[in-house]
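In: I'll drop the sequence and a predicted model, then ask my questions.
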Amino acid sequence: MNVARKNLLFARKGYVRLLSCFVLCTLPVWAQQDPPSTKTGATDAAPPQSINSLQQPVPEEPGRISGKVVDQTGANITGATITLTRDGQSSPQQAISDEEGKFYFFNVPPGPFHLGISSPGLAPQEFSATLHAGDTLVTPLFMLVVATQVTEVTVALTPEQIATEQIKEQEKQRVFGVIPNFFVSYVPDAAPLKPRHKFSLAWKSSTDPFTFVAVGAIAGAFQAGNRWSGYGQGAEGYAKRFGAAYADVFVGTYMGGAVFPTILKQDPRYYYRGKGSKLSRFLYAAASSVICKGDNGHWQPNYSNVLGNLAAGGISNLYYPASSRHGASLVFSTAFIRLGEVTIANIFQEFLVPKLTPNLPTRAPTQPENHEASAPGSF
């Protein structure tokens, strides 16, 4: 009986082992089969998401920037403005240096950045670098120096100084490079002359070497035509004629070009026009003997030229020979003759003389009309 129980127990253990092996062998197959749907017409369940798709990017750790600002003596600068800008950042960040000149920027995202350091009265500085994740970047020492001040000094000449320079240029004007032509301005907006300028022009013109040569030729022509017969002939007669002719030039130049222009504040120069129709230029030149520009820039009758010629005619009665003195008739006849001479000279000045005068000054822009003074005693 004991033997039968042992055989039965052995058989049961064999069945259990056999069942266990069957379960273990069929379990993987059951695990791969989809579970039955509990609902009719239900769609297949979505497969489970992969592990990689559930992972999120880890943000980079921000860093810190610090530095110090001093002046050129090494003293700390308090209140300096430090501006931090980064690529893609809509607005910059700013920090102010403390009493020790130090500044800080916290929680700065990693990447390239730019610093601008400024302080009133000091030259600004700039600094660029790249901040790595989690780093604390200490910038080099910023030393701000005193800003270089550029002072622009404009030296403006006074009207008198400008007139002096323009007169120097006029005194270089010579027809054919020889004949003085000082009482003509080729600068239409020339500065008004002071009395010393007017007397300087008169002196330069009346004492120029060519003036003596021209007077000598005139005296010879007068002697050949026996004008002023009271002077006689020979060397003495020629000397007297030379003195009288030179006195006419000297007195006429000074009276019409210096004395009366100074008293009446008028410009004794002829202003070259050089544009417009030939008729308008002709009328302008002819009228300039009786119309002039005042020192104040206004139009007015050319009293200086008229009175200067009358004065020269009156003074000539003092040195002409007695037979050639005719009182008032001499004065007025001489004045009208000289007015005619000035008118003809002005016409030549407008149309011919500029072509014969080398190295004329460059003309400046001018107004459409320029009716200025004539040039007593000029060519």
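Out: Done, it's in. Numbers count the residues shown, from 1 in each chain.
In: Please enumerate the strands of the stretch 251-379 of the chain.
Out: Along the stretch 251-379 of the chain, counting by DSSP state E, counting those that start in this stretch, strands occupy 270-271, 291-293, 299-301.
In: Same list, those, but as a markdown table with mean pLDDT please.
Out: Listed next are these as a markdown table, based on pLDDT from 0 to 100:
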| stretch | mean pLDDT |
| --- | --- |
| strand 270-271 | 91 |
| strand 291-293 | 90 |
| strand 299-301 | 88 |
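In: among these, which is nearest residue 176?
Out: The closest of these to residue 176 is strand 270-271. By Cβ to Cβ, the value is 18.3 Å. In short, each C-beta sits where N, CA and C put it, glycine included.
In: what does stretch 127-137 contact?
Out: Stretch 127-137 is contacted from outside by 60-66, 108-115, 117, 139-140, 142, using Cβ atoms under 8 Å, 6 or more residues apart in numbering.
In: Buried ones among these?
Out: 63, 65, 108, 110, 113, 115, 117, 139, 142 (16 or more other Cβ atoms under 10 Å).
In: just to revisit the earlier point, now, the contacts of stretch 127-137 that are in helices?
Out: Assigned to helices by DSSP state H, none of the contacts of stretch 127-137 qualify.
In: circling back: name the stretch among the strands of the stretch 251-379 of the chain that sits most buried.
Out: Most buried of the strands of the stretch 251-379 of the chain by mean neighbour count (mean count of other Cβ atoms under 10 Å) is strand 270-271; its value is a mean of 26.
In: name the helices or strands packed onto it?
Out: strand 184-185 (3 or more Cβ pairs under 8 Å, 6 or more residues apart in numbering; DSSP states H and E).
In: same question for the strand it packs on, mean pLDDT?
Out: Across strand 184-185, the average pLDDT comes to 91.
In: Tell me the strands beside it, with direction?
Out: Sheet pairing of strand 184-185 (DSSP bridges) gives strand 270-271 (parallel).
In: which residues of the stretch 101-250 of the chain score low on pLDDT?
Out: Across the stretch 101-250 of the chain, the ranges flagged by pLDDT under 70 are 149-154.
In: now the strands for it?
Out: 102-108, 111-118, 125-131, 136-138, 142-144, 174-175, 179-180, 184-185.
In: Walk me through which strands the fourth one pairs with, and which way each runs.
Out: It refers to strand 136-138. strand 63-71 (parallel).
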